[in-house]
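[1] Generate coordinates for the sequence data below:
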Amino acid sequence: MDRAKGADRINKAVKQVAYVGVLAALAFGLSWLEMLLPSIGIPGAKLGVANLAVLAALYLCSPAEAALVSLVRIILSWLLFGSFTGLIYSLCGGALSLAVMIILKKSNRFSPVGVSAAGGVFHNIGQLLAAYIMMGRGVLGYLPALLLFGAIFGTVTGIVAKLIIERLDKVK
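    You can find the predicted model right below:
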């Protein structure tokens, strides 16, 4: 009996590692796809489609596994097509965004759409804080536009993520 329970735990752990690996690969692929899309004209403003995989990990796995998915995506994107400055921006935006999303999800007051919208806003705030430290006050003029884009794109990403999470939760 103990052996069967041990084997069952190992099987669950292996499946979880594979699941997180697939989500990290998906996040990286979506990040690469987003890089190919034309810029929207505001420095730092992106659709945030890679957040689909991070949100899925947050809702279907654990906060630590969502952080791992986000970190793997950021590091791989930096290694393959980024700059050191871009790495700093991504780490700051990703860390602040994920921290806020974890807090909001744990509160049980927000749907994945609300969590994603807040994540989009705080990702831009994190990146802007990094830019402020590196470049000074001049970057603060982008704040209103980045907040608006973060809220809009975060909401759209959240709507898609909610549908994905519902489907994946059925098959997990």
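
[2] Please, where are all the helices along the chain?
    With DSSP state H, the ranges of helices along the chain come out as 2-36, 51-60, 63-81, 84-107, 112-135, 143-171.

[3] Which among those is found nearest to A45?
    With CB to CB as the criterion, A45 lies closest to helix 143-171 of these, at 4.4 Å. Every C-beta, even on glycine, is put in place using the N, C-alpha and C of the backbone.

[4] Buried residues in the closest one, which are they?
    By 16 or more other CB atoms under 10 Å, the buried positions in helix 143-171 come out as 145-147, 149-151, 153-158, 160-162, 164-165.

[5] So what's the residue count around L23?
    27 (other CB atoms under 10 Å).

[6] so what's it up against?
    When contacts are counted by CB atoms under 8 Å, 6 or more residues apart in numbering, L23 is found next to 53-54, 56-57, 61, 65, 69.

[7] Could you measure from it over to D8?
    Here L23 is placed at a distance of 23 Å from D8 (CB to CB, to the nearest Å).

[8] same thing with P38?
    Computed as CB to CB, the P38 to D8 distance reads 49 Å.
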